[in-house]
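> the following block contains a protein sequence and its predicted model.
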Amino acid sequence: MSATILYDYWRSSASYRVRIALNLAGIDWQSIPVDLVAGDHRSAEHLARNPQGLVPVLQIDGQSLTQSLAILQYLDSTRSLGLLPTDPLQRARVEALAHSVAIDVHPVCNLSVVKHATAGQEPARTEWMQHFITPGLAAFEALLAGFEQAPYCIGDKPSFADICLMPQLYNAERWGADFSGCRRILQVAEACREHPAFIAAHPDAMQP
């Protein structure tokens, strides 16, 4: 069987999500860094892997996959991770939680977007991040109200929602976005930070 290779960047939220899922699946994988700061994602070699010039790219089962949410869906389906409820309504609600971060907050806080919007200057860059991350997490907190009050977002095991939340919390802390009033998010974060799959996927564990 071919090796599982993840082309990623240590601080990439999307890569962080996939690292968590790979660890939850118990897959032995190898990280090959793509340095976004150095512009490696724009190289001909990486564009051949992903024409969008983004990370992550996951080579698994003899295939090459892009887009973190699509990769999560693939791993969930092929490795029976149980990241989504079987009930259609609950599934839709969990996907809404995940999408509120991965589709609504993350894209506008992508470094390339922020650099274009602020010319990479401070304090505009930090203010931009806080402007979007803080209300995004407040909305996530409100969406959590409809779920069981368990250690993770929707129960006693990690889900799509947890996998998308934790990288966003890393960014929130990095940019000083306040989520101190989000009681449930703080509970979820505490549980995830003690889970081996999340610990091993954390940027600090991947930092060059």
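It's in.
> and the strands in this protein, which stretches?
For the chain, the strands defined by DSSP state E cover 4-8, 29-33, 57-60, 63-66.
> to residue 100, which of these lies closest?
strand 63-66 (21.7 Å; CB to CB). In short, each C-beta sits where N, CA and C put it, glycine included.
> sheet partners, orientation included, of the closest one?
According to DSSP bridges, strand 63-66 has the following sheet partners: strand 57-60 (antiparallel).
> just the CA trace of the strand it pairs with, in CSV.
Extracted as CSV, the C-alpha positions of strand 57-60 are listed here (Å, rounded to 0.1, in the frame of the first residue of the first chain):
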residue,chain,number,x,y,z
VAL,A,57,-3.1,18.1,-0.3
LEU,A,58,-3.5,14.5,1.0
GLN,A,59,-2.1,11.5,-0.9
ILE,A,60,-3.9,8.5,0.4
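> which residues sit against it?
Residues outside strand 57-60 that contact it (CB atoms under 8 Å, 6 or more residues apart in numbering) are 2-7, 18, 22, 27, 29, 46, 49-50, 64-66, 71, 74.
> would you pull up how far that strand lies from the middle of the chain?
Relative to the chain's own centre, strand 57-60 is displaced by 16 Å; criterion: CA atoms, centre = their mean, to the nearest Å.
> that'll do, ta.
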